[in-house]
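Chemist: predicted model and sequence below, questions to follow.
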Amino acid sequence: MVASFQQRLQAVNPEYETFEQLRTLQVNLGNLCNLQCSHCHVKASERGTQIMNPEIMADIARFLARYPGLTLDITGGCPEMNPDFRFLIEQTEGVVSRRMLRSNLAIMAEPGWEWLPEYCRNHELIIVGSLPCYQEDNVDRQRGSGVYRKCIQVLKRLNALGYGSEVELDLVYNPGGDFIPGGQQGLEVAYKAELTANHGIVFNHLFTITNAPIGRFREQLEATDSYADYLRLLAGSFNPETAGTIMCRTLISVDYQGKIYNCDFNQALGMPVIAEDGSDILISELEDGGMNGKKITLSQHCYSCTAGEGSSCTGALVP
């Protein structure tokens, strides 16, 4: 039996289960994707039907214009495949200074999508590319045959455009199984050494992200009767030093319908932020300070964010 995550967090500091201050607006453009990764928490694929429309994107742009200084974090699925991806980028041009695009990288090597690297560079989008290992076999096992080579091809193209030097290029590591990432600093050193030596690739930062036991990864765990063991591993690795900096204290996630959540994992589980009258809250209705002090919706999957060095959409929480 694993203790309640909420109780563990409260025992460290009751303030940590409340929203602190909005710094990042994360926008999920839908579950359409060219890949079907084994660990995907939103179960994205080419059959994805949850796709954000321009009206919701316009609401997001208006929100960002009212509250300057935020980071816009764009995710999916494969966000670039949203038919109105360029509309969101152009609507937020000059509105927000820091825009992060979470890309699986392989999409930029697919026929018909070759325009993406130059487009991202022209609009100065920070690219956060998923590369769960620097070894080909491990990447292809998790994400599909041939994906590693496409990613390497794209990273070389991005480097040629100034990514990794003039424009920020970050990579994301996530484990290939039911274990917690090793130290982020050490992994970053290894990634840089391997990718530079073998491919001449440079990048800025490596983010280590622990697999949350939801979506396809949970299905995989349950198929091998290891879900309970993995949850115990996460809970047994709970690090109190990470508790105050969990990303849901400063991030709000927006789904394709404009509903808001405490994080993308809660969004995948259908656990929205609820108004006092019990209704969903839409981004068009949200006031920046309206979340401050509000209780965060927590559950057992949250242990993935506090295990070991901690985990967030920008990597480890403590060194």
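Modeler: Here it is on my side, so go on.
Chemist: where does the stretch 1-150 of the chain dip in pLDDT?
Modeler: Scanning the stretch 1-150 of the chain for pLDDT under 70 picks out no residues.
Chemist: which residues in it form strands?
Modeler: For the stretch 1-150 of the chain, strands defined by DSSP state E, counting those that start in this stretch occupy the ranges 24-28, 71-75, 98-103, 126-130.
Chemist: show me how far the second one is from its chain's centre.
Modeler: The one in question is strand 71-75. 9 Å (C-alpha atoms, centre = their mean, to the nearest Å).
Chemist: so how far is Glu110 from Gln26?
Modeler: 24 Å (C-beta to C-beta, to the nearest Å). In this view, the C-beta of every residue, glycine as well, is placed from N, C-alpha and C.
Chemist: neighbour count winner among these two?
Modeler: Using other C-beta atoms under 10 Å, the more surrounded residue of Gln26 and Glu110 is Gln26, with 22 against 15.
Chemist: so who does the more buried one touch?
Modeler: Residues near Gln26 by C-beta atoms under 8 Å, 6 or more residues apart in numbering: 73-75, 251-254, 263-264, 313.
Chemist: ok, Asn104 next?
Modeler: 33-35, 37, 78, 129-130, 143, 147, 151.
Chemist: surely Met81 is in contact with Leu32?
Modeler: Yes: assessed by C-beta atoms under 8 Å, Met81 is found in contact with Leu32 at 4.8 Å.
Chemist: is it true that Asn266 touches Ser253?
Modeler: Yes: using C-beta under 8 Å, Asn266 makes contact with Ser253 at a distance of 7.0 Å.
Chemist: dump the strands of the stretch 1-150 of the chain into TSV; add distance to Tyr191 as well.
Modeler: Compiled in TSV, these are given as follows (distance: least, C-beta to C-beta, whole Å):
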stretch	distance to Tyr191
strand 24-28	24
strand 71-75	21
strand 98-103	17
strand 126-130	11
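Chemist: and the ones you listed: which comes nearest Met291?
Modeler: strand 24-28 (11.1 Å; C-beta to C-beta).
Chemist: got the angle for that closest one vs strand 98-103?
Modeler: 30 degrees (axes from the mean of the first three to the mean of the last three C-alpha atoms, to 10 degrees).
Chemist: start at 27, not 1
Modeler: Taking 27 as the first residue, the last one we looked at is strand 50-54.
Chemist: so what strands line up beside strand 50-54?
Modeler: If you go by DSSP bridges, strand 50-54 pairs up with strand 97-101 (parallel), strand 277-280 (parallel).
Chemist: how about the secondary structure of the residue lying farthest from the centre of the chain?
Modeler: What lies farthest from the middle of the chain is Asp303; by C-alpha atoms, centre = their mean that is 29.8 Å. Secondary structure assignment for Asp303 (DSSP: H, G, I helix; E, B strand; the rest coil): coil.
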